[in-house]
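Chemist: Return a 3D structure for these sequence lines:
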Amino acid sequence: MFEAAELGSVVSKEEYKARVPALRTELLEVQRDLTSQARFPVIVVFAGVDGAGKSETVNLLSEWMDPRWLVTRAFGDPTGEERLRPEFWRYWQALPPRGRVGLFLSSWYSPPLLGRAHRRIKTAEFDQQLGRVAAFEKTLADDGALILKFWMHLGKSAQEKRLKKLERDPLTRWRVTKRQWQHWRMYEAFVAAAERIMQRTSTGEAPWTIVEGADERYRSLTVATLIRDAIRLRLSEQVQGARPRAAASKEPSVARTTVLASLDMSRKVDRADFHRELEKRQGRLNVLHRKARDKDITTVLVFEGWDAAGKGGAIRRITAALDAPSYRVIPIAAPNDEERAHHYLWRFWRQLPRSGDLAIFDRSWYGRVLVERVEGFAPPEAWRRAYSEINQFEEQLVDDGIVLIKYWLHITPSEQLRRFKERKTLTFKQWKLTDEDWRNRKKWDAYEKAVNEMVARTSTRPAPWTLVEANDKYHARLKVIGTLIARLQAAAK
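Modeler: Here you go, the predicted structure:
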């Protein structure tokens, strides 16, 4: 695979000096257009052989382009803060917003590459990690991100020559480490792992480009030219509306009887029984959560449901049983400008709790397939692919050991109307009732259809939905807490 990058390609000083001024000008022009239009982010990944010029190329691009609109990140071993969260949390944190260019060194490819080259992981686990990387990049590309990946390559003898040259110069000697010489001795293992990486992750949305790194002028011109051309092409496609999209599939038919219709909405709990049982369960929950914290078990609760279904009341009964520093309630409203400049999952990755803590999302990432679907805020191709994106996101949380519980609180239309009227007459509840609540009520059938498909496509074995019959608030609150207790007990074992 790498023979074509070991041919000894060079660019003369004269050619380099002649081409650089125009290239730098054109890079700044496409960067300016990208920034002004702010339609998509550009993600540039650098990987490759030690000494092949990865860092030097990033530094050069930072010099040639406007650094105000660049995001440059180099990832080493995870920090203490990063170890407290799922693996990809730190990568989501670093993503550039639309209109900016992100330059990434030692990115999401380093852990699987090093793990396989050092034989810490077997082929099956290696492929599993690469599958997760490919899914991550597809999620970003489907949302419009332009992804460019460069493997900077040197043959083994060229790498040895490069490292020795750096060691001889007192100004660059610091760049060469014992680890780099260790990697040179493991050259064949690294190349074999790199070949498999390219086979598994070089896709139409995020292709790899192998760049010969022996000649500094050649690699600099090659990378800068490819970045210029790729941004220029994507900008022209978007202006012309010519970017190809997958053909939209026909909306699947949904049976008239939905999963919500199967719930027994007559379930009730006596008021006195409720208070006695609530006190017992809250005490049990407090003990279990303390144990979970001691074992660094993280908990994420997701609350979705109809307007006036009692999400807030259920959340308050949970938080009343917990120690205040150990939990956080995260209300989700319409995204702000910063959040709209990123992939819709970005803001949820940012809010994930540290190891051992508990986070409660009042509304969540499911807005993509509920509100944004029904209200037309997301085009069909966007909310349809969101099911698999959400499943992959939740799978990563569960694989990281997070206890993920998703609640849908269901009430009937007649009960919702009764609660709306009650809110209208009680002064301390009037603030809860908005014009938007009445508008949403008129679209009940569309929302029920969306909920049915949401449950069908995202109630997975790792992250099932808990459907809560909430016409009776007492029953709903006890079921919510009871489910949490059961899941924490299972996790503690």
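Chemist: Please count neighbours and contacts with C-alpha atoms only from this point.
Modeler: OK.
Chemist: What is the neighbour count of G51?
Modeler: Close neighbours of G51, defined as other Cα atoms under 10 Å, add up to 26.
Chemist: Which of the helices or strands spans it?
Modeler: Counting by DSSP states H and E, no helix or strand carries G51.
Chemist: and it, what pLDDT?
Modeler: If you check G51, the pLDDT there is 83.
Chemist: One more: the one 3 residues further on?
Modeler: If you check K54, the pLDDT there is 93.
Chemist: where along the protein do the strands fall?
Modeler: 42-48, 70-74, 101-105, 146-153, 208-212, 299-305, 327-331, 358-362, 403-410, 465-469 (DSSP state E).
Chemist: For these, which has the smallest mean pLDDT value?
Modeler: strand 208-212 (a mean of 92).
Chemist: Run through the residues that contact the closest residue to K291 other than its chain neighbours.
Modeler: Among residues not flanking K291 along the chain, A492 sits closest, at 7.6 Å (Cα to Cα, 6 or more residues apart in numbering). Residues in contact with A492 (Cα atoms under 8 Å, 6 or more residues apart in numbering) are K291, A292, K295.
Chemist: Identify all contacting residues around the helix or strand of the chain with the lowest mean pLDDT.
Modeler: Here the helix or strand of the chain ranked lowest by mean pLDDT, DSSP states H and E is helix 435-442, holding a mean of 82. Contact partners of helix 435-442, identified using Cα under 8 Å, 6+ apart, comprise D307.
Chemist: got the buried residues for it?
Modeler: Using 16 or more other Cα atoms under 10 Å as the test for burial, helix 435-442 gives N440, R441.
Chemist: again with stretch 416-436
Modeler: In stretch 416-436, counting by 16+ other Cα under 10 Å, buried: Q416, R419, F420, R423, K424, L433.
Chemist: do the same with stretch 203-212
Modeler: E205, A206, W208, T209, I210, V211, E212.
Chemist: Put together TSV for these, with distance to R284 on each row.
Modeler: Listed next are the buried residues of stretch 203-212 as TSV, based on distance: Cα to Cα, whole Å:
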residue	distance to R284
E205	49
A206	49
W208	53
T209	56
I210	58
V211	60
E212	62
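Chemist: how far away is D143 from R175?
Modeler: 37 Å (Cα to Cα, to the nearest Å).
Chemist: Need the strands of the chain in TSV (columns: distance to F393).
Modeler: What follows is the strands of the chain, written out as TSV (distance: least, Cα to Cα, whole Å):
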stretch	distance to F393
strand 42-48	20
strand 70-74	23
strand 101-105	22
strand 146-153	20
strand 208-212	24
strand 299-305	13
strand 327-331	18
strand 358-362	15
strand 403-410	11
strand 465-469	15
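Chemist: rewinding a little: which two in the buried residues of stretch 416-436 are spaced the farthest apart?
Modeler: Using Cα to Cα, the buried residues of stretch 416-436 reach their maximum pairwise distance at Q416 and K424, which is 12.3 Å.
Chemist: State the pLDDT value of P252.
Modeler: pLDDT at P252 comes out at 41.
Chemist: now do E160
Modeler: 88.
Chemist: can you count the residues close to it?
Modeler: Residues contacting E160 under the criterion other Cα under 10 Å number 16.
Chemist: if you skip the residues just before and after it, what's nearest to it?
Modeler: Per Cα to Cα, 6+ apart, closest to E160 is W184, 7.3 Å.
Chemist: and the contacts of A492, which of them are in helices?
Modeler: Judged by DSSP state H, helices contain the following of the contacts of A492: K291, A292.
Chemist: Neighbour count for D143 and R175, which is higher?
Modeler: Ranked by neighbour count (other Cα under 10 Å), D143 and R175 place D143 first, with 16 against 11.
Chemist: wouldn't that one be in contact with L345 here?
Modeler: No: here D143 lies out of contact with L345, judged by Cα atoms under 8 Å, at a distance of 10.5 Å.
Chemist: Quick check: chain neighbours aside, which residue is closest to E81?
Modeler: R354 (7.8 Å).
Chemist: residues in contact with the one you found?
Modeler: So R354 contacts E81, L84, R85, T298 (Cα under 8 Å, 6+ apart).
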